[in-house]
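Chemist: what's the 3D shape of this:
(chains A, B and C)
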Amino acid sequence: MSEKPFFVGYLPAPGPLRTFLLTVCILLIAGLGGAGLLMGAAQDDPGPGAFRFDYGRQTVTGVVELTPYPVIHVTEGNDRIKPGDSFLMTAGGKSGVDSRAEPLDGQLAQVSGVVLERGDLYMLQLRGGRNGLQAAEGDAPVITPEPQGRWKLAGEICDGKCLAGAMRPGRGLAHKACANLCLLGDVPPIFVSTQPVLGEEFLLVTGPDGTRLPREAYDYIAQFITAEGEITKRGDLLVWEIDVDTIEVTE
Amino acid sequence: MSVKYIPVQWNPNKWIYDAVMLAGVALFLWVFLYVTPEVLSHERAINPQIHNARAFGACAFVMLTVILCIGPAARLDKRFLPLLYNRRHFGVMTAFVALTHAGYILNWYFAFSSRDKLVGLLSANTSFGQVAGFPFEVFGIFALICLLILAATSHDFWLKFLTPPIWKRLHYLIYAAYFSVAAHVSLGILQDQKNHVFTVLFMLGAGAVIVLHIAAWLSERRETAAKDGAWAEVANVGDFREGYAKIAKLANGERVAVYLMEGKLSAISNACAHQNGPLGEGKVIDCLVTCPWHGFQYDVRSGRSPAPFTEKVPTYRVRIKGDMVEVHPDANPPGTYVEPVPLPEPEPEPDTPEEGATA
Amino acid sequence: MDVATALVMAMQTWGIVGALVAAVFLTIGIDRIDEDVRGAYIFRPLLIPGVLLIWPLVLWRWWQIETERAAWADRYRPVRASYGLAVVLMSLGIIAVVIAGLSVRQSWPADIAPVQLSEGAGQ
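Modeler: Next comes the predicted model:
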């Protein structure tokens, strides 16, 4: 064993060791900086979803339909939201508007809020209480559901709000717990199809016969799956009644 | 050493250590938080809260990786020992960075809900029966609790209070924590990320930790040639160098450092009373065995620290049988004086420095 | 009460008990068991988080020291022997979990097209 420099914590480091340690320190600092750059720059694009505060507050009138997630079929629109459009709604945060919408099922209502938009998908985050959703005067047209048959689709179940832009990124497995929490709070779930179905990439996904997305489906949220179920067109919104027993995780 | 406790026993080396560490961490976070958003040309930026959470999470992983590499690196190459010196500050800093990551996650993904945030965190995802979609948050929670325990018990008081073996066992949680972090990352962000740069860096980091630790463990196993029987063999008489020790591993797993000082052999426990540092890898400075980790000193004949310090380590009996130096495996109570055994033919070589020059 | 709420309550209870233990230990207990502590007060708040987290261990050690139950040799028993076990378990665990994670990793099944299985009633 040769005479090696020996470090004692409270004494200055011996000369030869000092050069070594200086090199290590510089490498350490540079390495941390480099790691920060590489890791930070490796993040994926979170998609185009966003709150559109720039559109301003939107106030429109339409028919409330419970699918069971409340949908508005617009009868009286504005320059951005046209009559004939159908859209979903949420309250502030991770909650739906079910309690407010239920008494108004089939009736005309005025809704007001801010738009969340991702491509063709948009929904409205309503203002609180009656400011966001209130009964409106007038006769409500009857919305006839149009059955589109049974379909097998591939894609991902997301919570509609985060997907539409409340969070970027707002889908995927790292976001699964958040998505579950949104759905537990009655935010409407959206199925993102790999390829357009009847012209639509995004479908509202529910359980069979007008029920909510079954709890058994929660294990598959944010995973890429195939499943079967009936599609119904309600206004211009596609509603897919997913058959949980047919869900399969893709490769 | 002993004498009254103070929050931190600062000295110039600790200032330098902390400055380097803070510079590295600050650079990582600054680059991640403020430089990469410019580099990423996304149509719409990642939410700041998510970006921050990722920055602190990634930083905690990198820091933990560095910390876990220091130990085995120092075992394999003694020049890394100074990095071990103030590692506890590095660890405490890591716990704070990890806590910040958890804070961003909790106050973003689990906020805005009618449920309590912590209840939401623990109840939102219950898919425990599957690998993909497993609530990977639980691994993060476990690792964070481990890091907090380690950081909170890093003061010297805890070492003395819990005793080094219990303290050391508690701090073995770091290995569980690192596994847990790997699981947290593997079942979390790795499932989503399409850009594989992070995946590669993550595997390189975890791989380095694994390789270094296994290498250190294997080299340690090779070094230890323990034998059964009453007296344990240490080394040949001729192998001893003035001011340095040979380490013997006893059948019961304990280690003994046998020092040659002033031509005489003395044996003390290899475990420093401070943090179980390897006394046998230290050397004699000013007639006192000096621990390579934190510089605690002992009189090699009695295992006692010089006044005013009160640390004591057990001593062992030494004998010379033929050409072989042996120790008796039964330790004497800490601080027991044992008469040093002179080497049969003390022939101090001319080029061997006496008294271990302090350079 | 669901499991998550129970866990959060258990955590809060743990913390409250820990705070009580910290209050007693750091004002009375610590002076009784460690002479180096006497007269040193500034460092004591640093110990609070540790007591909150591992108070059962604190109580156990306090009791051990008060009753002088621990054998002196225990202090010097190295735990290095379990180092190998710890790192081997950690290494195997990491390798297993990374492989498991990467093997279930999915890519977006863009090539799977929607298939209509039956006609709608109105079509």
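
Chemist: ok, which stretches of the chain are helices?
Modeler: I'll assume chain A. For chain A, applying DSSP state H gives helices covering A:15-41, A:98-101, A:129-132, A:160-161, A:176-184.

Chemist: if you could check chain C rather than the one you did, that'd help
Modeler: Listed in chain order, the helices of chain C (DSSP H) span C:3-24, C:30-33, C:44-67, C:83-103.

Chemist: what angle do the one helix or strand B:Ala60 maps to and helix C:83-103 make?
Modeler: According to DSSP states H and E, B:Ala60 maps onto helix B:48-76. Counting by axes from the mean of the first three to the mean of the last three Cα atoms, to 10 degrees, helix B:48-76 points 140 degrees away from the direction of helix C:83-103.

Chemist: sorry, back to before: determine which of the helices of chain C approaches A:Leu116 most closely.
Modeler: Shortest distance between A:Leu116 and the helices of chain C, using Cβ to Cβ, is found for helix C:3-24: 28.2 Å. Just so you know, the C-beta spots here come from the backbone N, C-alpha and C atoms, and that holds for glycine as well.

Chemist: helices or strands next to the closest one in the packing?
Modeler: Packed against helix C:3-24, as judged by 3 or more Cβ pairs under 8 Å, 6 or more residues apart in numbering or on different chains; DSSP states H and E, are the following elements: helix B:117-123, helix C:44-67.

Chemist: what does that helix rub up against?
Modeler: The set of residues external to helix C:3-24 that reach it, using Cβ atoms under 8 Å, 6 or more residues apart in numbering or on different chains, is B:116, B:118-123, C:1, C:47-48, C:51-53, C:55, C:58-59.

Chemist: From A:Gly56, how far off is the residue in chain B sticking out farthest from the centre?
Modeler: For chain B, the largest distance from the centre (Cα atoms, centre = their mean) belongs to B:Glu43, which lies 44.5 Å off. From B:Glu43 over to A:Gly56 the distance is 22 Å, taken as Cβ to Cβ, to the nearest Å.

Chemist: now swap in A:Leu28 and tell me
Modeler: In this structure, A:Leu28 and A:Gly56 are 51 Å apart, going by Cβ to Cβ.

Chemist: which ones are touching the nearest residue in space to B:His328 that is not next to it in sequence?
Modeler: Counting by Cβ to Cβ, 6 or more residues apart in numbering or on different chains, B:Arg317 is the residue found nearest to B:His328 once chain neighbours are left out, at 4.3 Å. With contacts defined as Cβ under 8 Å, 6+ apart, B:Arg317 is in contact with B:Ala267, B:Val327, B:His328, B:Asp330, B:Asn332, B:Val338.

Chemist: how far away is the residue lying closest to the last one once chain neighbours are set aside from chain C?
Modeler: Leaving out its chain neighbours, the residue that sits closest to B:Val338 by Cβ to Cβ, 6+ apart is B:Thr315, at 4.7 Å. With distances taken as Cβ to the nearest Cβ, to the nearest Å, B:Thr315 is found 11 Å from chain C.

Chemist: B:Thr315 against B:Asp299, yeah?
Modeler: No - when contacts are counted by Cβ atoms under 8 Å, B:Thr315 is not listed as touching B:Asp299 (9.7 Å).

Chemist: So these two - more neighbours on which side?
Modeler: Under the criterion of other Cβ atoms under 10 Å in any protein chain shown, the comparison of B:Thr315 against B:Asp299 puts B:Thr315 first, with 27 against 19.

Chemist: From A:Ala179, how far out is B:Val119?
Modeler: Summarising the geometry, the distance separating B:Val119 from A:Ala179, computed by Cβ to Cβ, is 17 Å.

Chemist: out of those two, which sits in the more crowded spot?
Modeler: Ranked by neighbour count (other Cβ under 10 Å), B:Val119 and A:Ala179 place A:Ala179 first, with 31 against 19.

Chemist: so that one makes contact with A:Glu156?
Modeler: No - assessed by Cβ under 8 Å, A:Ala179 is found out of contact with A:Glu156, at 9.7 Å.

Chemist: what sits in contact with each of those two?
Modeler: Overlap between the contact sets of A:Ala179 and A:Glu156, as judged by Cβ under 8 Å, 6+ apart, is given by A:Arg171, A:Ala222.

Chemist: what's near enough to touch residue 89?
Modeler: The chain I'm using is chain A. Listed by Cβ under 8 Å, 6+ apart, the contact set of A:Met89 reads A:70-72, A:96-97, A:101, A:111, A:113, A:123-126, A:133, A:188.

Chemist: looking at chain B here, not the other one
Modeler: Each residue near B:His89 by Cβ under 8 Å, 6+ apart is listed here: B:Lys14, B:Tyr17, B:Asp18, B:Met21.
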